[in-house]
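Undergrad: starting from these lines, generate the structure:
(one chain, ligands or ions: 2)
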Amino acid sequence: MLTNAPDYSVYLVTGRDLLPSGADYYQVIEQAIKGGATIVQVREKKCQTWDFLEIASRTKEICHKHNVPVLINDRVDIALAIEADGVHLGQEDMPISIARKLLPKGSIIGVSCNSVEDARNAVKDGAGYVGIGPVWFTQTKSDLKPTLGPRGAGEILETLSGTQIKAVAIGGIKSSNVLRLLHGAVSTSDRPLDGVAVVGDIMAAQDPFAATLRLSECYKAFTKSPPPQFSLGSNASDLSQNIVSHAATLLKTIREVGPLVHQITNNVVMNQSANATLALGASPIMATAVQEMEDLSKVSGALLINFGTIGDKLGMLEAGKCANATRKPIVFDPVAIGATQHRRSAANELLSAWQASVIKGNPAEIGALANSAEVKTLGVDSLGSGFADPANLVRRLAKKERCIIAMTGKKDWVSDGKVAICINNGHELLSKITGSGCMVGTSVATFCAGASAVATSASTYDDERVLVRGDMLAGAIGGILAITVASELAASRQDVKGTGTFLPALIDELYNLTPEKLVDRAQIEIFG
Ligand SMILES: Cc1ncc(COP(=O)(O)OP(=O)(O)O)c(N)n1
Ligand SMILES: Cc1nc(C(=O)O)sc1CCOP(=O)(O)O
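TA: Ligands and ions are numbered 1, 2, ... in the order given. From the prediction side, this is the model:
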């Protein structure tokens, strides 16, 4: 048995039936270990005991030659027979307490968890590690439990706070989505996953060495220092000095760079959102077809996904994945998410597929995401007087979703999970025209495109570990300030007689907005 504490970071689970034709199983295992697999589990679902013994024993030889521990899936008898380093048990397999009695002292015992309850039992039973899954759908396992997404995996990880139990995630993990998983599944105490368990992305690869190396490099980059945040220098004293001027200078960048802002939004607001984008100095493109998302993500500065009429879910899924892959900001506006079950599950599916940089919503929408019933929803509107403690609500949700939360209303609240910022600008006429909330989403996406352009030109981001470049907190604040300050200026004009004249005046004031006007008029309070 090996003596070092196991390293779970790149956990290879074998699957001989996935090998490309002509590939030699033992060579694949050795190549994967050379590429960075740190632990191996022999998983044989169909073979006879005699063959399982032979395969497990030869796999152990290779693993131990490289000082890598080897575990056996389900079969405690095989683990005992070949003197493996431990076992992985499913919920329906031998209980941990009995396996522990049978196996030598110090054996590793892992258990599969698909729910918080499974994880609580694993803590009680003294598991060495848990395998949280499935994160995403996979064809590798037949009796698959409900998919968790990175956020569901993060909730299970949370259950392990304060314990020594290690956690890996499993199910549908590939080098193309591993960063999304690692970002989404971090506990609120900033504990990341201890590893990712993979079958197909390694076993089915033409080059298992390269496939494992890609997974290993992603994991190492993500964990080399505390998990990356979505904003810069966000402590209350730093921010009070410079957040408004930082946000305001983004307007200058937008006007200089003229970023393309890709928007998947609803029919009701499309035209005015496009006009608001142009007035700020950026270029809108309202494109929904799945086939064009990859190309668009390469040239756009930011992506807005406004749920609106949820007609284009496939386009939204693909656009978000491409934006994460190209490190572009994603602003998600989950319009009326609390109104129907369909919207709640669609939002869940989207947020499992990609990592939003900013989630922007009214109090009812943000409350629904935070599982709070304090503010009720009526269609797309919020009812009642708001949250008793909005600062804490946005802070908690930002920490949970690992992105910036922007809650718009009479007062606007923004948080990156550390500070909460209240913006006191705006005019009541904004609430009397259709789509002003959607326009805020557009403006936030435009400012996030500005923030991303600044970071890209300064190369201040390590692309191996981030899903977005730029200070998204400044992007969210700048975007909200632009609309709210412009609304004050528009409402004070002589030519504005009511809501009909207010809307074009608002577009004019966005067009004529300057960084100085934003700084002069901004009314913000920072709660550290
Ligand atoms: C690391 C890891 N996590 C989960 C599983 C799944 O185990 P189980 O639930 O026993 O399902 P089968 O693998 O037996 O199909 C695993 N094997 N490894
Ligand atoms: C073995 C296994 N267990 C799962 C669970 O959810 O517990 S998912 C899974 C298969 C993972 O295969 P791939 O990396 O090819 O998606």
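Undergrad: list the residues that contact Gly126.
TA: The contact partners of Gly126, taken as Cβ atoms under 8 Å, 6 or more residues apart in numbering, are Ile96, Arg100. Every residue, glycine included, has its C-beta placed from N, CA and C.
Undergrad: what's the spacing between it and ligand 2?
TA: 20 Å (Cβ to the nearest ligand atom, to the nearest Å).
Undergrad: ok, the residue lying closest to Ile423 once chain neighbours are set aside - contacts?
TA: Spatial nearest neighbour of Ile423, chain neighbours left out: Asp412 (4.2 Å); criterion: Cβ to Cβ, 6 or more residues apart in numbering. Contact analysis of Asp412 by Cβ under 8 Å, 6+ apart lists Ala406, Cys422, Ile423, Asn425, Gly426, Ile480, Thr484.
Undergrad: so which of those sit within helices?
TA: In this view, these that belong to helices under DSSP state H are Ile480, Thr484.
Undergrad: closest to ligand 2 out of the contacts of Asp412?
TA: Ala406 (34.1 Å; Cβ to the nearest ligand atom).
Undergrad: that closest one touches Trp413, doesn't it?
TA: Yes. Under the criterion of Cβ atoms under 8 Å, Ala406 makes contact with Trp413 at 7.4 Å.
Undergrad: the more surrounded of the two?
TA: The neighbour count for Ala406 versus Trp413, taken as other Cβ atoms under 10 Å, is higher for Ala406 (30 against 24).
Undergrad: hey, what's the more buried one bridged with?
TA: Lys360, Val414 (DSSP bridges).
Undergrad: now do the host helix or strand of Asn121: everything it contacts.
TA: Counting by DSSP states H and E, the element that carries Asn121 is helix 116-125. With contact meaning Cβ under 8 Å, 6+ apart, helix 116-125 is reached by 91, 95-97, 111-113, 130, 132, 155-156, 158-160, 163, 165.
Undergrad: which SS state does Val196 fall under?
TA: Classification of Val196 using DSSP: H, G, I helix; E, B strand; the rest coil returns strand.
Undergrad: and for Val331?
TA: Per three-state DSSP, Val331 ends up strand.
Undergrad: nearest residue to it in space, please, no chain neighbours.
TA: Using Cβ to Cβ, 6+ apart, the closest residue to Val331 is Ala445 (4.2 Å).
Undergrad: for the one you found, what are its contacts?
TA: Each residue near Ala445 by Cβ under 8 Å, 6+ apart is listed here: Val261, Gln263, Ala302, Leu303, Leu304, Pro329, Val331, Gly479.
Undergrad: tell me which helix or strand it sits in.
TA: Using DSSP H and E, the element containing Ala445 is helix 436-458.
Undergrad: what average pLDDT does that helix get?
TA: For helix 436-458, mean pLDDT is 94.
Undergrad: what residues of that helix count as buried?
TA: Within helix 436-458, the residues scored as buried using 16 or more other Cβ atoms under 10 Å are 436-456.
Undergrad: which residue is nearest the middle of the chain?
TA: Gln355 (3.0 Å; Cα atoms, centre = their mean).
Undergrad: measure it to Tyr25 for me?
TA: Remark: distance between Gln355 and Tyr25 (Cβ to Cβ, to the nearest Å) = 35 Å.
Undergrad: re the thing from before, distance of the residue nearest to Ile423 relative to Ala364?
TA: As judged by Cβ to Cβ, Asp412 and Ala364 stand 15 Å apart.
Undergrad: how about Asn371?
TA: Distance from Asn371 to Ala364, counting by Cβ to Cβ: 13 Å.
Undergrad: between the two, who's got more neighbours?
TA: Ala364 (27 against 8).
Undergrad: so what's Ile480 closest to, chain neighbours aside?
TA: Asp412 (5.0 Å).
Undergrad: can you list phi and psi of the one you found for me?
TA: According to degrees, to the nearest 10, the main-chain angles of Asp412 amount to phi -100, psi 140.
Undergrad: can you pull the pLDDT of it?
TA: pLDDT, Asp412: 96.
Undergrad: how about Lys418?
TA: 88.
Undergrad: coming back round to it: quick one: the residue nearest to Ile423 and Thr223, what's the gap?
TA: From Asp412 to Thr223 the distance is 34 Å (Cβ to Cβ).
Undergrad: mind checking how far the residue in the stretch 251-400 of the chain positioned nearest to ligand 1 is from ligand 2?
TA: Using Cβ to the nearest ligand atom, the closest approach of the stretch 251-400 of the chain to ligand 1 is made by Ser352 at 18.4 Å. Ser352 sits 14 Å away from ligand 2, going by Cβ to the nearest ligand atom.
Undergrad: tell me the SS of that residue?
TA: On the basis of three-state DSSP, Ser352 is classed as helix.
Undergrad: what's around it, how many residues?
TA: If we define neighbours as other Cβ under 10 Å, then Ser352 has 21 of them.
Undergrad: surely Ser112 is within a helix?
TA: No. Using three-state DSSP, the assignment for Ser112 is strand, not a helix.
Undergrad: coming back round to it: I'd like the distance between the residue nearest to Ile423 and Val454.
TA: For Asp412 relative to Val454 (Cβ to Cβ), the value is 23 Å.
Undergrad: do Lys224 as well
TA: Taken as Cβ to Cβ, the span from Lys224 to Val454 is 24 Å.
Undergrad: distance of the closest residue to Cys218 other than its chain neighbours relative to Val168?
TA: Computed as Cβ to Cβ, 6+ apart, the closest residue to Cys218 that is not its neighbour in sequence is Val178, at 4.8 Å. Distance, Val178 to Val168, using Cβ to Cβ: 12 Å.
Undergrad: that older thread, quickly list what's touching both of Ala406 and Trp413.
TA: Here Ala406 and Trp413 have Val394 as joint contacts, going by Cβ under 8 Å, 6+ apart.
Undergrad: isn't the residue nearest to the centre of the chain right next to Met472, touching?
TA: No. With contacts counted by Cβ under 8 Å, Gln355 stays clear of Met472, the gap being 11.0 Å.
Undergrad: who are the neighbours in contact with Asp333?
TA: Contact partners of Asp333, counting by Cβ under 8 Å, 6+ apart, are Thr265, Leu304, Ile305, Asn306, Phe307, Ile359, Lys360, Gly361, Gly437, Cys438, Gly441.
Undergrad: try 7 Å this time
TA: Each residue near Asp333 by Cβ atoms under 7 Å, 6 or more residues apart in numbering is listed here: Leu304, Asn306, Phe307, Lys360, Gly361, Cys438, Gly441.
Undergrad: for Ser436, give me its contacts.
TA: The neighbours of Ser436, taking Cβ under 7 Å, 6+ apart as the test, are Leu430.
Undergrad: make residue 1 into 42 and carry on from there
TA: Yes, from this point I'll number from 42; that puts the last item at Ser477.
Undergrad: that one and ligand 1, how far apart?
TA: Distance of Ser477 to ligand 1, given as Cβ to the nearest ligand atom: 47 Å.
Undergrad: likewise Asn465?
TA: Computed as Cβ to the nearest ligand atom, the Asn465 to ligand 1 distance reads 49 Å.
Undergrad: who in the stretch 42-191 of the chain is up against ligand 1?
TA: Residues of the stretch 42-191 of the chain found near ligand 1 (Cβ under 6 Å from any ligand atom) are 52, 54, 82, 84, 114-115, 129, 131, 134, 151, 153, 172, 174, 182.
Undergrad: also near ligand 2: which of those residues, exactly?
TA: Near ligand 2, by the rule Cβ under 6 Å from any ligand atom, you find Val54, Ser153, Gly172, Gly174, Lys182 out of these.
Undergrad: neighbours around Tyr260, how many?
TA: 24.
Undergrad: try Gln304
TA: Burial of Gln304 is recorded as 28 neighbouring residues (other Cβ under 10 Å).
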